[in-house]
Every structure is written in structure tokens, then in C-alpha cells.
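Predicted structure and sequence below. I'll ask about it afterward.
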Amino acid sequence: GNSVTQMEGPVTLSEEAFLTINCTYTATGYPSLFWYVQYPGEGLQLLLKATKADDKGSNKGFEATYRKETTSFHLEKGSVQVSDSAVYFCALIAGGTSYGKLTFGQGTILTVHP
Amino acid sequence: EAQVTQNPRYLITVTGKKLTVTCSQNMNHEYMSWYRQDPGLGLRQIYYSMNVEVTDKGDVPEGYKVSRKEKRNFPLILESPSPNQTSLYFCASSLLPVNTEAFFGQGTRLTVV
């Protein structure tokens, strides 16, 4: 079946540090890939997405590139801020019988200190 | 404002007492779904609906029911809740095709004692 694996957390950084959260996936066909973010007490919000190989999704200084050869979609940001503290989820939507279902990784808690 | 609204936000109940969590969206989305979030497991899909009167099971449907009588509403029903259904629940909606953005409600924290 389809699955998403994220790097173990939590991740703690100082403000302006470089962020990488690793994400790899297993899926049939050509899935669409997503990063969602969950701020404390809120629902999930789409951060960025990529729908085909070599696409780069970007938003709010975050970037991720769809790498089919390594089945990866790592999230990066060059300089994090305290306001980036949240839980980050990598997810995919595959085709076939799982049509429409978001398959999520376990989430990575990010804490950024001043 | 485009939104998905869930109620209640917090609920504590006893084993076996039927409950309903409501979900409503104002974006005219065809696709709606329910997820539960548990530590270390991410979110897992419970049920989904592709349109009115069309529903199907997700990965963890046991102990849950849903209905889709109107396009905007997609309630989650626990007919006989058990402690293993203690979790954080999210409703989501999106347009078809579904590789577009999913919009999530704020979540319902359910505790079954």
C-alpha cells in the first residue's frame, strides 16, 4: 500500500537557522505530494504541493522538490522564524482505489527559539 | 470566508453513549472526508464521500458511520463509542479532482471514558 515516512522529531532550532525535514514515500503510479502545517489548536493548512516529478512547490520561504528517482519530497527553509513553530505533515494522494485519500506521515514537531 | 466548521471542538463522553460530530463546508466542495489523528501515526482516513449519497470506507472505518444527505454537511456518527476511539478528529473538504488543496476543520478532541 501507499505510505509516507518523515524524519523523527521533534526538531528544535534557533531563529534564522536552516531547516530540513526529510520525507520519503511509497506509492503506486505517480502520486501528488503535499506538505501541510498545523499550528497549535488549529486544523491543517496546505503549505505547498507538487503534482509531477521535478516540480518544486514553494510558499512562505519553504520549498520542496518532487524527486521520483529517490521517492522523496524534503521540506527546506533557509531561515526559520519563531512563527514557523508548528507540526509539519508530508502527505500524498495516489490514484487507483485510494482515489482522493491523503496518506500522511507521522508529523514532525518544529520548535524555533528566539 | 471559506471554511470547514466542526462541532463540538471538545467532547468527553462515556462508553456506549451515541454521539455525532457535525461538519459543514461553505465552498460547494464535492469531496469530504473524516480523519483521526493519533500520536506517532499521523492522520488516517475514516470515511469519505465523493458527493451526495455517495460514501465509502477509508482505512479505519470500524465503529464509525457517516451520511451525506446534503452537499455541505458530512456528520460523523459513533453509535457506541469505546475508549480506543479517544482521538483528535478532523473533517476535510476539497474539489474534484482531489489533488487540489484540502481544507480542514479545526478539529474535535474526543475523550471516551
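Here it is on my side, so go on. Numbers count the residues shown, from 1 in each chain, chains lettered A, B, ... in the order given.

Now do the lowest-mean-pLDDT helix or strand in chain A: which elements does it pack against?
The helix or strand of chain A with the lowest confidence, counting by mean pLDDT, DSSP states H and E, is strand A:102-104 at a mean of 91. Packing contacts for strand A:102-104, counted by 3 or more CB pairs under 8 Å, 6 or more residues apart in numbering or on different chains; DSSP states H and E, involve strand A:3-6, strand A:86-93, strand B:31-38, strand B:42-51. Placement of C-beta: from N, CA and C, glycine included.

so which of those comes closest to B:Gln106?
Judged by CB to CB, the one of the helices and strands packed on strand A:102-104 that comes nearest to B:Gln106 is strand B:31-38, at 12.2 Å.

Go through stretch A:93-109 and flag the buried ones.
Across stretch A:93-109, burial judged by 16 or more other CB atoms under 10 Å in any protein chain shown covers A:93-95, A:98, A:100-108.

Run the chain-centre distance for that stretch.
12 Å (CA atoms, centre = their mean, to the nearest Å).

circling back: for the buried residues of stretch A:93-109, which two are the farthest from each other?
The widest separation within those (CB to CB) is 26.3 Å, between A:Gly95 and A:Thr108.

what's the burial count for the closest residue to B:Thr5 other than its chain neighbours?
Excluding the flanking residues, the one nearest B:Thr5 by CB to CB, 6 or more residues apart in numbering or on different chains is B:Ser24, at 5.0 Å. B:Ser24 has 18 neighbours, counted by other CB atoms under 10 Å in any protein chain shown.

Of the helices and strands packed on strand A:102-104, which is nearest A:Thr65?
Here strand A:86-93 is closest among these (CB to CB), at 12.9 Å.

Report the rounded mean pLDDT for the closest one.
Taken as a whole, strand A:86-93 has a mean pLDDT of 95.

Return the residues of chain A in contact with chain B.
Neighbours of chain B within chain A, by CB under 8 Å from any CB of the partner chain: A:4, A:32, A:41-46, A:49, A:51, A:89, A:93, A:99-102, A:104-107.

mind listing the strands in chain A by residue range?
A:3-6, A:11-14, A:19-21, A:23-26, A:32-38, A:44-50, A:56-59, A:62-65, A:75-77, A:86-93, A:102-104, A:108-113 (DSSP state E).

now swap in chain B and tell me
B:4-7, B:10-13, B:19-25, B:31-38, B:42-51, B:54-57, B:65-66, B:76-78, B:87-94, B:103-104, B:108-112.

So, low pLDDT: which residues of chain A?
Applying pLDDT under 70 to chain A flags the ranges A:95-99.

which ones are touching the residue sitting nearest the centre point of chain B?
By CA atoms, centre = their mean, chain B has its centre lying nearest to B:Trp34, at 3.0 Å. Going by CB atoms under 8 Å, 6 or more residues apart in numbering or on different chains, B:Trp34 touches B:23, B:45-48, B:58, B:64, B:66, B:74, B:76, B:89-92.

For residue 59, list the residues it contacts.
Reading this off chain A. Contacts of A:Asn59 (CB under 8 Å, 6+ apart): A:47-48.

I was after chain B.
Per CB under 8 Å, 6+ apart, neighbours of B:Asp59: A:101, B:44-46.

Settle this for me: A:Gln81 is touching A:Leu13, isn't it.
No: applying CB atoms under 8 Å, one finds A:Gln81 not in contact with A:Leu13, separated by 10.1 Å.

shared neighbours of these two, which are they?
Common neighbours of A:Gln81 and A:Leu13, using CB under 8 Å, 6+ apart, are A:Val112.

who has more neighbours, the two?
Between A:Gln81 and A:Leu13, A:Leu13 has the larger neighbour count (other CB under 10 Å), namely 16 against 13.
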